[in-house]
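*Asks:* Sequence plus the predicted model coming up.
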Amino acid sequence: MSDATSGGTAVGGTPVSGGGQAPGSKGGKERNASLWADARRQLVRDRVFVLALLYIFVVGSMAAFPKLWTSQDPRACTTDLSRVPPSWDHPFGFDRLGCDYYSHAIFGARPSMVIAIMATGAIVVLGGLMGLLAGYYGGWVDALISRLMDIFFSLPFLLGAIVFLTVIKKQNEWTIAAVLFLLSWPTIARIIRGSVISSKDLDYVQAARAVGAGNGRLMFRHILPNAIAPMLVYATIVLGAFVAAEATLTFLGIGLQPPTQSWGIMISAHQNYFLEDPWLLLFPCGLLVGTVLSFILMGDALRDALDPKLR
């Protein structure tokens, strides 16, 4: 998660909002449009970003529409086909229970992506709001939220997830996403807090305050847009981190449980067959590593494109 933090803070102080002028001025909007237009052009020319985006699009379509990729039922198993190697008709072969491994891999994309999206959405909304309030109001509000962040920062991520899920004793997509959110929201809150502190005293904010803009308008119309860039970078990278975290927790036996299809379950169930049938581990590990790496590469490309200092 530390990589995700560094990716977000790299652009934390760069104003990108259309609120960079006094109300009624079009100059800030023009600069904002220019920044995003330049970033879009740079990303389109970035082959690494395009390839990573295509890979995520493929995995996303597997998660959303698995039947477009396979007509096999991953739960239709025959023990006579146990660990049969890959073939033309069954490109991933069969698992130890005689289930079609390709269909299992296709359907296994959904839980990981759903958990990652739910957890990321929660930290962006709730963590971002906490950081916005702390940075804007300061004083006792900032102190209270900052001490709360410090408490969660002190919890080791993996150990904390193991403890929470063991106590809950109910492992499903909702509980795992909730635990990942609980242990990760302080990072994005701190990113947004720093960005808000660096923006709230700028001239365009003071001009908006002088003409009577209220706190809500100042925060959400003039200050928050400056935090979109670092938030977008961090959210992209943390999506990959959450996919890896779900697989790790499932591999350790405290995440998703059979008969749910998941890449983590595939890896956990076949870890003892690597020397005899290495493809039973290589296929799910390859999909998992490719997904996590694609999110990280996209986040790095977004950081470079959205920060003028890195151009």
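*Replies:* Structure's in. What do you need? Not measured: the values here are computed from a predicted model.

*Asks:* do you know how far the residue of the chain most remote from its centre is from residue 162?
*Replies:* Farthest-out residue of the chain from its mean C-alpha position, per Cα atoms, centre = their mean: residue 80, at 40.1 Å. Between residue 80 and residue 162 the computed distance is 38 Å (Cβ to Cβ, to the nearest Å). Every C-beta, even on glycine, is put in place using the N, C-alpha and C of the backbone.

*Asks:* quick one: the helix or strand hosting residue 296 to chain centroid distance?
*Replies:* According to DSSP states H and E, residue 296 maps onto helix 279-306. With Cα atoms, centre = their mean, to the nearest Å as the basis, helix 279-306 stands 11 Å off its chain's centre.

*Asks:* name the helices or strands packed onto that helix?
*Replies:* helix 2-9, helix 27-45, helix 47-64, helix 101-107, helix 109-122, helix 228-251, helix 263-269 (3 or more Cβ pairs under 8 Å, 6 or more residues apart in numbering; DSSP states H and E).

*Asks:* Buried ones in that helix, by neighbour count?
*Replies:* Within helix 279-306, the residues that count as buried by 16 or more other Cβ atoms under 10 Å are 279-281, 283-285, 287-288, 291-292, 294-306.

*Asks:* residue ranges with poor pLDDT in this protein?
*Replies:* The model of the chain has pLDDT under 70 over residues 1-33, 35, 308-311.

*Asks:* how about 50 then?
*Replies:* 1-28 (pLDDT under 50).

*Asks:* those strands in the stretch 51-200 of the chain, which residues are they?
*Replies:* Secondary structure of the stretch 51-200 of the chain (DSSP state E, counting those that start in this stretch): no strands present.

*Asks:* now the helix holding residue 296 against helix 228-251, angle please.
*Replies:* For helix 279-306 against helix 228-251, the angle by axes from the mean of the first three to the mean of the last three Cα atoms, to 10 degrees is 170 degrees.

*Asks:* I'd like the numbering to begin with 56 instead of 1 from here.
*Replies:* Fine by me, first position is 56 from now on; the one you just mentioned is helix 334-361.

*Asks:* Please give me every residue in contact with the spatially most central residue of the chain.
*Replies:* Centroid-nearest residue in the chain, with Cα atoms, centre = their mean: residue 294, separated by 1.6 Å. Neighbouring residues of residue 294 by Cβ atoms under 8 Å, 6 or more residues apart in numbering: 171, 172, 175, 350.

*Asks:* give the contact list for the second one.
*Replies:* By that I understand residue 172. By Cβ under 8 Å, 6+ apart, the contact list for residue 172 reads residue 294.

*Asks:* how close does residue 129 sit to residue 109?
*Replies:* Distance of residue 129 to residue 109, given as Cβ to Cβ: 25 Å.

*Asks:* the more surrounded of those two?
*Replies:* residue 129 (20 against 11; other Cβ atoms under 10 Å).

*Asks:* That one is in contact with residue 152, isn't it?
*Replies:* No. If you go by Cβ atoms under 8 Å, residue 129 and residue 152 don't touch, sitting 10.3 Å apart.

*Asks:* So the residue farthest from the centre of the chain is in contact with residue 149, correct?
*Replies:* No. Using Cβ under 8 Å, residue 135 makes no contact with residue 149, being 9.5 Å away.

*Asks:* For residue 282, which non-adjacent residue is closest in space?
*Replies:* Excluding its sequence neighbours, the residue lying closest to residue 282 (Cβ to Cβ, 6 or more residues apart in numbering) is residue 250, at 4.3 Å.

*Asks:* Counting neighbours, what do you get for the one you found?
*Replies:* What residue 250 shows, counting by other Cβ under 10 Å, is a neighbour count of 29.
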